[in-house]
Every structure is written in C-alpha cells, then in structure tokens.
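> Quick one, structure for this:
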Amino acid sequence: MKTRRIGSFTVSAIGLGGMPMSIPGRKDHDTSIATVHAALDAGVTLIDTADAYTSTGDGQGHNELLIAEALRSYGGDTSHVLVATKGGLVYKEPGPWEKHGSPTHLKDAARRSADRLGVDAIGLYQFHRPDPDVPYADSIGALKDLVAEGVIVHAGISNANEEQIREARDILGDDLVSVQNQFSPAHLDSRRELDVCLELGLAFLPWSPLGGIRKAGDLATEHEAFGDLALELEVSPQQIALAWELALAENVIPIPGASRPQSIVDSAKAADLELTDEQLQRLGI
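Next up is the predicted model:
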C-alpha cells in the first residue's frame, strides 16, 4: 500500500477511523475487532481514535480499549502501527460531548489514554477541539509539556482554523505534525487549512472523508461525477472519493470510519487507485 509521513512515522495513505465502532448504533464487539484485524490485513498502519469515542454506560475511553484489544489479539506484527488518539472532549450521558481544554485535563487525559492503549508513549496525541473557555495557547502548551515529559511522541490538533494552526506551530515547532479536520466532497470548508498544512509541512487528516457515517452511501447520488467514474472504473464511489482526496496533496491521509470489515477493506484499496488528470477534472471539485 502507498505510504505517507506523519512526523517521524511512515504510515499507510489510508487510515482507519475508529469512532463508528464505539458510538451509539455500533456493531457488536466481535465485528469491531474483526474490522480492525481486516484493516491490518489490508495494510492499514494508521488507526485514529479518541478517549471521547464511547456510548452511554461504557465510560470514557471505550474505543481506545477496543483498539488496544484488537492489536493484542491480532496474529501478526503490529509494531509498525501508529495509533493516534485525541483528548479534550468528555462524553456526558446521554451526550453530547463537553469541551475540556485545560492543561490539567489534557495532561491527565493523555496519561489515561496511554494506559488504556498499553503504550509507554502515545505516537500522536491530538487536541480534539478548541475550548472557548480556555486560551488556545494554554491548551497547546499542555501538548508541548507532554512531549517534553515523554508522554507523547508527536502532537496534533483537530478542528482547527488557519489562525489556530499557525499559533500551534509557533508554540510547538516541529513537535506539531498533523491537523485533523472534517473534509470530503460534501465538506470543502477546510481546503484553506489543507493548504496551510502543506505550506508548513504538516500532515492533513480528513475526518469523515466520505461525508459522514450516514452519508457515505450517498456519494454516487449527491456527487454524480463520482458515481459515474466509479462505474467506469468498476470500483466503489467511496474509493473514488478517497483517491481524489489523496490526489489533492502529498500531505493528505484520509481516515474513513468503519464498523464492518468490508468497509475498511474497500476503502484501503483507494490508496493504490491512481486517477488521471482528466478523471480528476471530471470530478469538478
């Protein structure tokens, strides 16, 4: 599978978003474990999670524990797999999440995440979402301290605008390696942030790169050109969308969410799907 870089890590060009395996409406436990195993079998070496991915009654950290279990039970080598997690949101029953960006919370959350993942240091730890009650610089400063203390290897930010990306870079320097924002054919608002990441040498990780959990199946109807090209190439519209995102820039690494083995196996094939310039022009985005 084609690879790309996140800081000091080389990872698959398509990652696995773990959120659908833990939120309400998820599949059963064994199906979730099988989904992670299928991703690994397909060559996926980037798995994205967060301590807030959970459901009522499960407690903070459900998805992290699930990912850790899946990696332990996998029959092959997983030493090259980068598990990226996030902190700064807290699940409150029955929802939604609450923002907690204080340095004290983030430092404690990172250590708890490392314990759940069973690692000495988290490869990539991301500030999940800005907290309007906490200065952004204070939250990012906590990530800098976590790197210095060896709790995390690299820092990332999520749901950040251009100004916040530059502020985080000023504080973290080369310790900032990635930005994770929503981006898909249906959500193009973060194109400016993608370009900033390319300028600064940061990986850009689109979340919901297929339009969202309940929208991924609508790609062919909502974006007719994607459906037409999928029929022509005899692949899924989802593969077309992911291949289009990969073609935008060398720093783009989509992380489609999946709760079934079939979904991530199909998505992973997009890493090696090369679209021609003419085909990209036909997509019209």
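> Quick check: buried residues in the lowest-mean-pLDDT helix or strand in the chain?
Counting by mean pLDDT, DSSP states H and E, the weakest-scoring helix or strand in the chain turns out to be helix 219-222, with a mean of 86. By neighbour count on 16 or more other CB atoms under 10 Å, the buried set for helix 219-222 is 219-220. Placement of C-beta: from N, CA and C, glycine included.
> Report all helices and strands that that helix contacts.
Packing partners of helix 219-222 (3 or more CB pairs under 8 Å, 6 or more residues apart in numbering; DSSP states H and E): helix 224-233, helix 237-248.
> Following the chain onward from the last one, which element is next?
The one in question is helix 237-248. Per DSSP states H and E, helix 237-248 leads on to helix 261-268 as the next helix or strand towards the C-terminus.
> For the chain, which residues score under the pLDDT cut-off?
Applying pLDDT under 70 to the chain flags the ranges 95, 216.
> Could I get the full set of helices for it?
Here the chain has its helices, by DSSP state H, at 29-41, 62-73, 103-117, 136-148, 162-172, 191-200, 219-222, 224-233, 237-248, 261-268, 277-283.
> I'd like the ones you listed written out as a markdown table, with distance to residue 16 added.
Listed next are the helices of the chain as a markdown table, based on distance: least, CB to CB, whole Å:
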| stretch | distance to residue 16 |
| --- | --- |
| helix 29-41 | 4 |
| helix 62-73 | 9 |
| helix 103-117 | 15 |
| helix 136-148 | 23 |
| helix 162-172 | 24 |
| helix 191-200 | 20 |
| helix 219-222 | 19 |
| helix 224-233 | 21 |
| helix 237-248 | 12 |
| helix 261-268 | 6 |
| helix 277-283 | 24 |
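> what's the most buried one of the ones you listed?
Highest mean neighbour count among the helices of the chain (mean count of other CB atoms under 10 Å): helix 237-248, with a mean of 24.
> Now tell me what touches the least confident helix or strand of the chain from outside.
185-186, 210-211, 215, 226-227, 230, 237-238, 240-241 (CB atoms under 8 Å, 6 or more residues apart in numbering).
> again, only this time at 6 Å
With CB atoms under 6 Å, 6 or more residues apart in numbering as the test, helix 219-222 has contacts from 226-227, 237, 241.
> so which pair among those residues is furthest apart in space?
Comparing all pairs in those by CB to CB, the longest separation belongs to 227 and 241, at 10.3 Å.
> which residues sit in contact with residue 280?
Residue 280 makes contact with residue 247 under the criterion CB under 6 Å, 6+ apart.
> Likewise for residue 42?
Residue 42 makes contact with 265, 268, according to CB under 6 Å, 6+ apart.
> mind checking how far it is from residue 169?
Distance of residue 42 to residue 169, computed by CB to CB, to the nearest Å: 33 Å.
> now do residue 11
Distance from residue 11 to residue 169, counting by CB to CB: 21 Å.
> And for residue 50?
Applying CB to CB to residue 50 and residue 169 gives a distance of 22 Å.
> can you check residue 12 too?
25 Å.
> Then residue 61?
Distance, residue 61 to residue 169, using CB to CB: 29 Å.
> How about residue 16?
Remark: distance between residue 16 and residue 169 (CB to CB) = 27 Å.
> Likewise for residue 257?
Taking CB to CB, one finds residue 257 at 27 Å from residue 169.
> Also residue 138?
Separation of residue 138 from residue 169 (CB to CB) stands at 16 Å.
> ditto for residue 217
Using CB to CB, we find residue 217 at a distance of 37 Å from residue 169.
> Residue 187 now?
According to CB to CB, residue 187 stands 23 Å off from residue 169.
> ditto for residue 104
Distance, residue 104 to residue 169, by CB to CB: 24 Å.
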